[in-house]
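Asks: fold the following for me, if possible:
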Amino acid sequence: MRDSPTEVPVLPGAPHRPADVIRVLVRRRWWIVVPLTLGTMGFSSNVLAGFGGGLAVGLLLVGFLEYRDSSFSSEEEVARVLTLPVLGSIPPVRSERDRRMRRYQRLAADIAVVVLLLSVVLRALWSLRSA
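Replies: Predicted coordinates for the structure are as follows:
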């Protein structure tokens, strides 16, 4: 049995500075614990390239689908393209179920935005704390 943490070898890949390595005694054995910091959890260039590439492909796909859309979106567009007067239009009919689903969608989007903003703020505070 090892009595002191000085006898514990540092694992390969672990930081060699004593401030970065914590040795913990668990069930009469010393374990090396390297705490995660934001510096060790940084984004690699592959992650950033994948994010940028995915974003570009998504924007191109949306732009292409918007370009291919040949439907009319307003009365003015119908009158301009067909050069005929518009005699009438049918307002959108929304049922109670549609209104309820729209309300849930807005709530879900609001929650997602709040969670995203909180995660950004907490990450910034955590980086200030560890600096």
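Asks: which helix runs longest in this structure?
Replies: helix 96-130 (DSSP state H).
Asks: any idea of the mean pLDDT for it?
Replies: Per-residue pLDDT over helix 96-130 has a mean of 89.
Asks: buried residues, it. List them.
Replies: For helix 96-130, a neighbour-count test (16 or more other CB atoms under 10 Å) marks nothing as buried. Where C-beta positions appear, they are placed from N, C-alpha and C, glycine not excepted.
Asks: walk me through the domains of this protein.
Replies: 1-35, 44-88, 90-131 (automatic domain parsing).
Asks: what's residue 73 sitting at in phi/psi?
Replies: phi -120, psi -10 (degrees, to the nearest 10).
Asks: equivalent analysis for the one 10 residues further on, please.
Replies: Backbone torsions for residue 83, taken as degrees, to the nearest 10, come to phi 50, psi 40.
Asks: where in the chain is pLDDT low?
Replies: Residue ranges of the chain with pLDDT under 70: 1-44, 130-131.
Asks: strands of that one, start to end?
Replies: Along the chain, counting by DSSP state E, strands occupy 22-26, 29-33.
Asks: count of residues packed around residue 72?
Replies: Close neighbours of residue 72, defined as other CB atoms under 10 Å, add up to 13.
Asks: same thing with residue 65?
Replies: 9.
Asks: distance-wise, check residue 105 relative to residue 77.
Replies: To residue 77, residue 105 is 26 Å away according to CB to CB, to the nearest Å.
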